[in-house]
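Colleague: Need coordinates for the following:
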Amino acid sequence: MDLNVGLVGHGRWGKRHLETLIRLKKEGLIQHITLCDRDPNQLADLSNQVDSTFTHFGAMLDAGVVNCIAVVTPPNSHLELASKALERNIPVLIEKPLSDRLEQEPQFLNSLTPEVTLVTGFLLRHHEGVEAMKQELDDGAIGTLQELHYRRRTKRGRPKGADAMKTLAIHGFDLSLFFGLKDILKSSPDIFEHQLERMLLDAGGTGQKRLLVDVSWDADEELRELTLIGSKGNLSLTFGTTPEMHINRSGVLETVELTNAHPPLYNEWVYFLQQVKSRTPTVYPPIQDLHALNQWFQDMEQY
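Modeller: As a prediction, this is how the structure comes out:
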């Protein structure tokens, strides 16, 4: 089965997706790249990089040149574009957040049929270090998970229309689901400070569980850090350009080797394409996790 990918949106992050797709094509993992953007200027001078271009999403679908798509447009258009593709049984990789229209997400999720493939772009789930942490945790390396700390600060200015909670902190909330701290998202936070540029949350759950999420733009220094604290030790990951992972047990610090062979966006694409090629219907993260995130954001809007 040839994999003919449609990339919808060629803004800042769309360009990152296109770079990944070009690499995947050179490696023979995909055969055809179609780029769609409403702005013709975003399609100029790309004849050597893509096989076809469109300025209208419907025209791209009608042309029959794609059998899977990635939606990398502003969040307010995500659900509409994804729905149109899924109606035609076209698998969709959709960037996070699923939408900025929280009230519409449950209906969209409930409308998904067992035959669809929908992967939402929580790329840290595909980070080699995060996957290694999950394996160490499952193997009992640090005992029972008690706390998750997620810190992401960047010197970069806040992008137009972006919100620290829905753009940066969302990864921390998703990782709490990925690592099994699901009940914390049902708890009222002990500390919750939220502005467009930054967000700080400190929440406790049953059994002395804790979730700490600290994110901001316009920071004094770059920080990308994930820490899991268990009953027998802790795991820490810095997930910058050269990720490093450490395990601390009984005061002894060990380094966990990572190959750092591929960035998480590449791994995310490989995962998505595997589901498409195998014709395996997949919703990932699972629908229940997407519902939980939606409910959490709606609850936080009350504070």
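Colleague: Please make it C-alpha for all contacts and neighbour counts, starting now.
Modeller: OK.
Colleague: Can you pull up the most central residue in this structure?
Modeller: The centroid of the chain falls nearest to residue 122 when counting by Cα atoms, centre = their mean (1.3 Å).
Colleague: Now do the same for that residue: its pLDDT.
Modeller: You'll see residue 122 listed with a pLDDT of 97.
Colleague: Please enumerate the helices of the stretch 1-150 of the chain.
Modeller: Under the criterion DSSP state H, counting those that start in this stretch, helices of the stretch 1-150 of the chain are mapped to 12-26, 57-63, 78-87, 105-110, 128-138.
Colleague: same thing with the stretch 151-300 of the chain?
Modeller: In the stretch 151-300 of the chain, the helices defined using DSSP H, counting those that start in this stretch lie at 164, 170-178, 264-277, 287-300.
Colleague: of all those, which lies closest to residue 65?
Modeller: Nearest to residue 65, of all the helices of the stretch 151-300 of the chain, is helix 264-277, at 15.2 Å by Cα to Cα.
Colleague: I'd say residue 6 and residue 66 touch.
Modeller: Yes: contact criterion Cα atoms under 8 Å: residue 6 and residue 66 qualify, at 5.6 Å.
Colleague: Now do the shared contacts for those two.
Modeller: Residues within reach of residue 6 and of residue 66 at once, by Cα atoms under 8 Å, 6 or more residues apart in numbering, are residue 34.
Colleague: Tell me where the stretch 201-303 of the chain has strands.
Modeller: 210-216, 223-230, 233-238, 244-249, 252-256, 282-284 (DSSP state E, counting those that start in this stretch).
Colleague: Redo those strands as JSON lines? Include distance to residue 35 and mean pLDDT.
Modeller: Conversion of the strands of the stretch 201-303 of the chain to JSON lines gives the following (distance: least, Cα to Cα, whole Å; pLDDT from 0 to 100):
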{"stretch": "strand 210-216", "distance to residue 35": "32", "mean pLDDT": "96"}
{"stretch": "strand 223-230", "distance to residue 35": "31", "mean pLDDT": "97"}
{"stretch": "strand 233-238", "distance to residue 35": "33", "mean pLDDT": "97"}
{"stretch": "strand 244-249", "distance to residue 35": "35", "mean pLDDT": "96"}
{"stretch": "strand 252-256", "distance to residue 35": "39", "mean pLDDT": "93"}
{"stretch": "strand 282-284", "distance to residue 35": "24", "mean pLDDT": "98"}
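Colleague: how about those strands in a markdown table, adding mean neighbour count and distance to residue 61?
Modeller: Formatted as a markdown table, the strands of the stretch 201-303 of the chain follow (neighbours: other Cα atoms under 10 Å; distance: least, Cα to Cα, whole Å):
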| stretch | mean neighbour count | distance to residue 61 |
| --- | --- | --- |
| strand 210-216 | 23 | 38 |
| strand 223-230 | 20 | 38 |
| strand 233-238 | 22 | 40 |
| strand 244-249 | 19 | 42 |
| strand 252-256 | 12 | 45 |
| strand 282-284 | 20 | 21 |
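Colleague: Tell me how many other residues crowd residue 32.
Modeller: Using other Cα atoms under 10 Å, residue 32 has 19 other residues around it.
Colleague: need the contact list for it.
Modeller: By Cα under 8 Å, 6+ apart, residue 32 lies in contact with 3-5, 25, 50-51, 66.
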